[in-house]
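Peer 1: Need a 3D model of the following:
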Amino acid sequence: MLTLVILPGLKWSLSYRSIFHGCGEHDGLVIAADVDVSPDFQRRAMVDAWNKDKAPGRRATLVEIARSTDATRSQLAAALASGSCAYDVLLVDTAWFPEYAQRGFLAEIKSSWLDEPSDFIPQIMKTGQWHERQYAVPWFTDAGLLYVRRGEAAPSTWDELLRQGYATQLKNYEGLTVNALEVIWNTQRRTVLSDAIDSVDENIARVVLQGLEELAGGGAALSGSRAYGESESIEAFIGGQAFMRNWPYAFRELTADPRIRTDFAVKSLPEPLRLSVLGGWHLAVSAHSRHQDEAVELIRFLTSATTQRELFHCGGFTPSRVSAFTDPKPCSDPKYSQDEQPSPEQFREFATTLQAALFNARPRPVTPYYAQFSETFRGCVVQVLNAHAGLPGASRPTPHKLSVALTDALRGRHGSC
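Peer 2: Numbering: from 1, shown residues only. Okay, here's the model as predicted:
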């Protein structure tokens, strides 16, 4: 079952039955994406801008596949594996990208098709490459940030942050993988389980387990976060939690909310390393699309400096272009009153903090089997958290068991702690 975004003002769109026939042939362009959580659906607004004055056969429709990134990946991968040509442009999480490229789901992108390719941040552009070929263009990127309520002193170290506790994303989905990696990297001062890896030895497994013990021993707010995704974390922060770890889009969510507006600050994650997971989403052309030339034009438009700047200012989406960070200004969308926007000074401070966070962002494991890795890793994290909480039947995995489970997952086999 797919979901089609057709009505403005709805946070989640109405379900519909596909009208496609055969492999999914259709007129115009179809973009497959996850749910847009930005204020007033800024991604959809950019698609609407593309559609203005376009002939019907060149207009684009944004289709939201599922509510979560994990469900979006599994459903979209199943459709593409079946040879479906229902989608022309794919919005792909940077962590899924190697799987999509390895499985032949994506058409190669030529640099001549792009608008000013040298303007893209080099390390971000590289995340859309597989075997030295470009298969995707970064639309927006991401790095973890620390949100601090007014009147609170930001923790200066990870030990202090963990001891005090913070609202974050520890529900059993991709957010748990991200948060666990950030705690491991920063408390153990080693960027394990990152970049291109296909095995985990017992020494690395010990480092991972030591970091997970730090996470499990965190303050009471972290225990509450076991039920949180991104949106629940924002609600907890608005409701009075002193600190929150979240993605950059939360900045615009908070400044647009009358319950908090500007009563918070944004900081990089704490010392000593300030490391965060590198996130983000790519735009790619489906290898099965019957409209690849038009899809390339749409991607060129959506990744232009003008579009990225608008997404940054109005939706809080982190640009993948250097020029989009220059001279940051509040959103020009007339739908927003002055009270609903950050001040120019607050936005400039946010942009500066965000650029620093991107410099300290590191990738998750780069592997075509990332889905297996993340699911296995999360299962092991849950075991450690449950054992620390004293839940019946829960036990901490040994370094040997963890190393075997993660190595199996990184090689495309079933792994379990």
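Peer 1: so who does the nearest residue to residue 331 once chain neighbours are set aside touch?
Peer 2: Of all residues not flanking residue 331 in the chain, residue 314 sits nearest, at 3.8 Å (Cβ to Cβ, 6 or more residues apart in numbering). Every C-beta, even on glycine, is put in place using the N, C-alpha and C of the backbone. Residues near residue 314 by Cβ atoms under 8 Å, 6 or more residues apart in numbering: 38, 39, 40, 42, 45, 252, 331, 332, 333, 336.
Peer 1: Return the distance of the helix or strand where the fifth one lies from the chain's centre.
Peer 2: The reference is to residue 45. Per DSSP states H and E, residue 45 falls inside helix 42-51. Helix 42-51 sits 20 Å away from the centroid of its parent chain (Cα atoms, centre = their mean, to the nearest Å).
Peer 1: Please point out which parts of it sit buried.
Peer 2: For helix 42-51, burial by neighbour count (16 or more other Cβ atoms under 10 Å) applies to 42, 43, 44, 45, 46, 47, 50, 51.
Peer 1: isn't the fifth one right next to residue 302, touching?
Peer 2: Yes: under the contact definition of Cβ atoms under 8 Å, residue 46 touches residue 302, with a separation of 5.9 Å.
Peer 1: Return the helix holding residue 45 as CSV; C-alpha atoms alone will do.
Peer 2: C-alpha atoms of helix 42-51 as CSV (Å, rounded to 0.1, in the frame of the first residue of the first chain):
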residue,chain,number,x,y,z
GLN,A,42,8.9,22.2,2.5
ARG,A,43,10.0,19.3,0.4
ARG,A,44,6.5,19.2,-1.2
ALA,A,45,6.7,23.0,-1.7
MET,A,46,9.9,22.5,-3.8
VAL,A,47,8.1,19.9,-5.9
ASP,A,48,5.2,22.3,-6.3
ALA,A,49,7.7,25.0,-7.5
TRP,A,50,9.0,22.5,-10.1
ASN,A,51,5.4,21.8,-11.3
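Peer 1: And that helix, what does it pack against?
Peer 2: Applying 3 or more Cβ pairs under 8 Å, 6 or more residues apart in numbering; DSSP states H and E, we find helix 42-51 packed against strand 60-64, helix 292-302, helix 305-310.
Peer 1: relative to helix 292-302, how tilted is that helix?
Peer 2: 120 degrees (axes from the mean of the first three to the mean of the last three Cα atoms, to 10 degrees).
Peer 1: got the residue ranges for the strands in the stretch 151-300 of the chain?
Peer 2: 243-246, 264-267, 276-285 (DSSP state E, counting those that start in this stretch).
Peer 1: Parallel or antiparallel, which strands does the longest one pair with?
Peer 2: Spelled out, it's strand 276-285. Using DSSP bridges, strand 276-285 pairs in its sheet with strand 89-93 (antiparallel), strand 137-143 (antiparallel), strand 361-362 (parallel).
Peer 1: Which secondary structure element of this protein has the lowest mean pLDDT?
Peer 2: Ranked by mean pLDDT, DSSP states H and E, the weakest helix or strand in the chain is strand 15-16, scoring a mean of 32.
Peer 1: Please state the offset of the very next helix or strand once past it from the chain centre?
Peer 2: Going down the chain from strand 15-16, the next helix or strand is strand 29-33, by DSSP H and E. Chain-centre distance of strand 29-33: 18 Å, with Cα atoms, centre = their mean.
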